[in-house]
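Asks: Show me how the following folds:
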Amino acid sequence: MARFQVAAQHPYGPSVGQLVDRLAALPGIGRKSAERLAQHLLGCDEAEALALAQAIQDVRHNVKHCPNCFNLTEDAECEICRDSRRDPQVVCVVEQPKDLLVIEATGVFQGQYHVLGGRISPLSGVGPDDLNIAALVRRVRKQGVREIVMGTNPTLEGDGTALYISNLLADDNVRITRLARGIASGSVLEFANREMLADAMKGRQAF
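Replies: Coordinates of the predicted model:
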């Protein structure tokens, strides 16, 4: 009975089963997608499969956190922190490096960033000391930052993290703003939800 269960779970053997398990553990990859990827790796030539393995190994060995902003980099500092055209006195605070990439894709923000490495989440056991918050406070005071843009996600935990940071910097001479929220350009009011409309009303601007 036990042999039947193992065979049914991993019909091609434990090596393929382990590969499928590892792939299925990746974000956004379900079991069927993991099986398709495993089949592709089994069917492609050896050089392609080994190149993927080498790329994963290189990322793990070479990529580290920027000591200034905690973005990902392979150099002593990330490309954004090294760019002399960026304004180091305007810092956008984000939860993860992927959030930084989303904002960068707009091509609008010309300051620097600070990656927290997550958000305060007591239910998940994540407190302020688990994030790069103390480093942000030191950076504000040492670098003479004049504006902090809160780019945390508009969730209960994201807003709570932003509020915690704002309270820490309340006595510092730094302006604290947040990303605007509300009705997107080109949208229709009847399709906006209540929270979106409330944010738009609270953040209304001069016409």
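
Asks: Give me the most central residue, the protein.
Replies: The C-alpha lying nearest the average C-alpha coordinate of the chain belongs to residue 96 (Cα atoms, centre = their mean; 2.4 Å).

Asks: Isn't it up against residue 118?
Replies: Yes: Residue 96 is in contact with residue 118 according to Cβ atoms under 8 Å; the separation is 7.1 Å. (Each C-beta comes from the backbone N, C-alpha and C, glycine too.)

Asks: and residue 139, what element?
Replies: helix 133-143 (DSSP states H and E).

Asks: Name every strand pairing with the helix or strand following that helix and say which way it goes.
Replies: Scanning forward in sequence from helix 133-143 by DSSP H and E, the next helix or strand is strand 147-150. The pairing partners recorded for strand 147-150 under DSSP bridges are strand 87-94 (parallel), strand 175-178 (parallel).

Asks: Now do the buried residues in strand 147-150.
Replies: By neighbour count on 16 or more other Cβ atoms under 10 Å, the buried set for strand 147-150 is 148, 149, 150.

Asks: Same check on stretch 184-197?
Replies: 192, 196.

Asks: what's near enough to touch residue 203?
Replies: When the contact criterion is Cβ atoms under 8 Å, 6 or more residues apart in numbering, the partners of residue 203 are 180, 181, 182.

Asks: Check what pLDDT it gets.
Replies: Note for residue 203: predicted pLDDT of 74.

Asks: from now on call the first residue 280
Replies: Will do, 280 is the new start, and the previous item becomes residue 482.

Asks: Just give me how far the helix ranked longest in the chain sits from the chain centre.
Replies: What stands out as the longest helix in the chain, according to DSSP state H, is helix 325-341. Once both centres are worked out by Cα atoms, centre = their mean, to the nearest Å, helix 325-341 turns out to sit 23 Å from its chain's centre.

Asks: So which elements touch the next helix or strand after that helix?
Replies: Sequence-wise, the next helix or strand downstream of helix 325-341 (DSSP H and E) is strand 343-344. Counting contacts by 3 or more Cβ pairs under 8 Å, 6 or more residues apart in numbering; DSSP states H and E, strand 343-344 is packed against strand 351-352.
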